[in-house]
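Novice: A predicted structure for the sequence below; I have some questions about it.
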Amino acid sequence: MSSSIPLTSGIKSSLLSLQKTQKLYDQTQENLTTGLKVNKPSDDPAAYYAAATLNDRASALEGRLDNMGQAVQAIAAADNGISAITSILENMKAIVENALSTDVDDDSTRAALGKKFNDLVVQLNGFAGDSAYGGVNLLDNDQSIKVQMGQSYNESVFTVQGFHIAGVESTGTDSEVTAIGSDSVPDSWGAGAAEVTNYSFALNKVEDPTTVIGIKSFGTDATGAAGHEIDWKDSDTYKDTLSDVLDQIENVTAVLETRSKLFSFDSSTISLRQDYTQEFINTLEEGADNLTLADLNEESANLLALQTSQSLGVQAMSLSNQQTQNVLRLLQ
């Protein structure tokens, strides 16, 4: 339609100038609204796609941060379990020391203390079983967590290796507890699986997974040194027997302390990677922003300049139109 309407060269020039100004005005308004100088590929293809690549990398790494955070929480849950078990072990140690201080003939008091000792043995396994987080229990069946740290899956993986605590679930007749079943331990214990039947609470050593250490429970029907329970009442042997139990408690506590240290090192490593990843995400996002963010002060100044240009363009078109009208008056 517009091409069929004859316009003077002055009006055409003014109209073209107004159209260009309007296009720039619309672009400037969009930049101010979005805060970006590159809103679509056509604005600046190189900057648009470079920024998109940087933002994609940042988004991928943000997903890894969630994975790292959950791993740290799982480690914390396991470490809380170890702390609780260690506290129970301290109470058990106090009970044994109390039994050691009884009179030789006071077998009834030692028996009562032994039953209380057995109650705490059961609690040890309970704390281990309750230390799961997010479906993972680092104190059960050698479970582990693979922490994805790199941008791409399996590009950089850190493994948090758990271990296994074996125990009994309840006391039986006269507060005695059973032996650990060899079928309740992971395959990694190897030959040590047979040894667990000598204890009512056990775990394997850090340096040698097939070597098992544990704690024997109190039992009125003691099965001897090779059995899982021992008698605290015998006036001739109770001091040696209870001294051995103290050694067992201290050995188990030492292994748990080592396990806790290893977990703390794992948690520290993941936390360091979290900090690094967050800094790198910020770097990527800042790089993308440098390519696409608009200078709002500059855009505001541009908008004012374009508004002035629009006004001048309208006036120029009006003047061109007046010239045509003057010619028309001459012909009248």
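Specialist: All right, it came through fine. Quick caveat, the model's predicted, so the values are computed rather than measured.
Novice: Every contact and neighbour count from this point should use C-alpha atoms.
Specialist: Noted.
Novice: Look up the pLDDT of residue 38 for me, please.
Specialist: Looking at residue 38, its pLDDT is 77.
Novice: so where do the strands sit in the stretch 201-332 of the chain?
Specialist: 201-204, 212-215, 217-218, 229-230 (DSSP state E, counting those that start in this stretch).
Novice: Packing partners of the helix or strand where residue 147 lies?
Specialist: Here residue 147 is covered by strand 144-148, with elements defined by DSSP states H and E. Strand 144-148 sits against helix 45-100, strand 157-161, with contacts defined as 3 or more C-alpha pairs under 8 Å, 6 or more residues apart in numbering; DSSP states H and E.
Novice: Buried residues, the following helix or strand past the longest one. List them.
Specialist: Right, the one you point to is helix 45-100. Per DSSP H and E, helix 45-100 leads on to helix 107-129 as the next helix or strand towards the C-terminus. Buried residues in helix 107-129, counted by 16 or more other C-alpha atoms under 10 Å: 107, 109-111, 113-129.
Novice: What are the structural domain limits within the chain?
Specialist: The chain breaks down by automatic domain parsing into domains covering 7-35+295-331, 67-274.
Novice: would you turn those domains into TSV with mean pLDDT and distance to residue 51?
Specialist: Listed next are the domains of the chain as TSV, based on pLDDT from 0 to 100; distance: least, C-alpha to C-alpha, whole Å:
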stretch	mean pLDDT	distance to residue 51
domain 7-35+295-331	61	15
domain 67-274	91	17
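Novice: Quick check: which of those is buried the most?
Specialist: Most buried of these, by mean neighbour count (mean count of other C-alpha atoms under 10 Å): domain 67-274, with a mean of 19.
Novice: rewinding a little: looking at the helices and strands packed on strand 144-148, which is nearest to residue 292?
Specialist: helix 45-100 (6.8 Å; C-alpha to C-alpha).
Novice: now that closest one against strand 157-161, angle please.
Specialist: Inter-element angle recorded for helix 45-100 and strand 157-161: 10 degrees (by axes from the mean of the first three to the mean of the last three C-alpha atoms, to 10 degrees).
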